[in-house]
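Peer 1: Next come a sequence and a model predicted from it.
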Number of protein chains: 2
Amino acid sequence: MHFGERIRELRESQGLLQRQLAADLEIDTPMFSKIERGERKAKREQVEQLAKLLQADKTQLLSLWLANQIFDFVKDEAFASDALHLVIDWIKNTEK
Amino acid sequence: MHFGERIRELRESQGLLQRQLAADLEIDTPMFSKIERGERKAKREQVEQLAKLLQADKTQLLSLWLANQIFDFVKDEAFASDALHLVIDWIKNTEK
DNA sequence: TATGACTTGTCAAATTTAGGACAATATAGG
DNA sequence: CCTATATTGTCCTAAATTTGACAAGTCATA
């Protein structure tokens, strides 16, 4: 489940139109459409606004949003998995 | 073990100076120094050159290099671990 | 103190990217 | 066929990033 899909799911389940949410975010509908389809990425600020507007868990949306960006960054890399695991290990050790 | 540390390790174990490798990469020594200390990131092309110059495993160096960049990207994020795990799952499923 | 190796700080050019505007097109329901 | 909704495609610009050059600094050691 990618970020945009989740936004669409939340939006449709509440009977809202792209036009309405786009207005709240002060962007046009084409832009909102692109965000839902993952063609453009939302700003952090917009993610937070969306969490409020859609009464969704901010933490979860932000994780999804961040994951999307990481994915876009590594998706064409042959060693993406190796690298990701390395990073997880590094983070484990800085947390300790 | 971060990318720059690994480069330094390889370089020193072979008795090479920053100056020498920097010349091969056609950058100045301050720049090379920064790469080793992780203050600047190498270009992919430079990583490949370094693998050759230092007779190191290219795959391994590239993984380390990519991991470094991901780490820099997520290090200040509260949900970095969650996001990373999500990405790993996504990648697993696109591979299948 | 002189030298060589490395580090630090700052600057600027060049490039990239983000993020949006807008026009045109599709698609589905009434 | 009309209308509302959503999508697609193209273009633009401000902002950020990248990448390197250079000057000046530290540090060890001969």
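Peer 2: Okay, I see it. Computed from a predicted model, the values in this text were never measured in an experiment. Numbers count the residues shown, from 1 in each chain, chains lettered A, B, ... in the order given.

Peer 1: Just want the most central residue of chain A.
Peer 2: The structure's chain A has its C-alpha centroid closest to residue A:65; by CA atoms, centre = their mean the separation is 2.4 Å.

Peer 1: check whether the helix or strand harbouring residue A:35 contacts DNA strand D.
Peer 2: Element membership for residue A:35, per DSSP states H and E: helix A:29-37. Yes: using CB under 7 Å from any atom of the strand, helix A:29-37 reaches DNA strand D at A:29, A:30, A:33, A:34, A:36, A:37. No exception for glycine: its C-beta is placed from N, CA and C like everyone else's.

Peer 1: Buried ones in that helix, by neighbour count?
Peer 2: Residues of helix A:29-37 classed as buried by neighbour count (16 or more other CB atoms under 10 Å in any protein chain shown): A:31, A:32, A:35, A:36.

Peer 1: Name the residues that touch that helix?
Peer 2: A:4-5, A:7-8, A:11, A:18-19, A:21-22, A:25, A:40-42, A:46 (CB atoms under 8 Å, 6 or more residues apart in numbering or on different chains).

Peer 1: any chance you could map the helices in chain A?
Peer 2: Applying DSSP state H to chain A gives helices spanning A:3-13, A:18-25, A:29-37, A:44-53, A:58-74, A:80-95.

Peer 1: Buried subset of the contacts of helix A:29-37 as a ChimeraX selection?
Peer 2: Typed into ChimeraX, the line below selects the buried ones among the contacts of helix A:29-37, using 16+ other CB under 10 Å:
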select /A:4,7,8,11,18,21,22,25,41,42,46
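
Peer 1: among the contacts of helix A:29-37, which are within reach of DNA strand D?
Peer 2: Of the contacts of helix A:29-37, the ones that also sit near DNA strand D (CB under 7 Å from any atom of the strand) are A:18, A:19.

Peer 1: gap between the residue of chain A at minimum distance from DNA strand C and residue A:22?
Peer 2: Residue nearest to DNA strand C within chain A (CB to the nearest atom of the strand): residue A:30, separated by 3.5 Å. Relative to residue A:22, residue A:30 is positioned 9 Å away (CB to CB, to the nearest Å).

Peer 1: Please apply the same query to residue A:87.
Peer 2: 34 Å.

Peer 1: Also residue A:75?
Peer 2: Taken as CB to CB, the span from residue A:75 to residue A:22 is 27 Å.

Peer 1: so which of the helices of chain A is the most packed in?
Peer 2: helix A:58-74 (a mean of 19; mean count of other CB atoms under 10 Å in any protein chain shown).

Peer 1: Run the angle between that one and helix B:58-74 for me.
Peer 2: 150 degrees (axes from the mean of the first three to the mean of the last three CA atoms, to 10 degrees).

Peer 1: contacts for helix A:58-74?
Peer 2: Against helix A:58-74 from outside (CB under 8 Å, 6+ apart): A:1-4, A:6-7, A:38, A:41-42, A:44, A:47-48, A:50-52, A:80, A:83-84, B:66, B:69-70, B:73-74, B:77-80, B:82-84, B:86-87, B:90-91.
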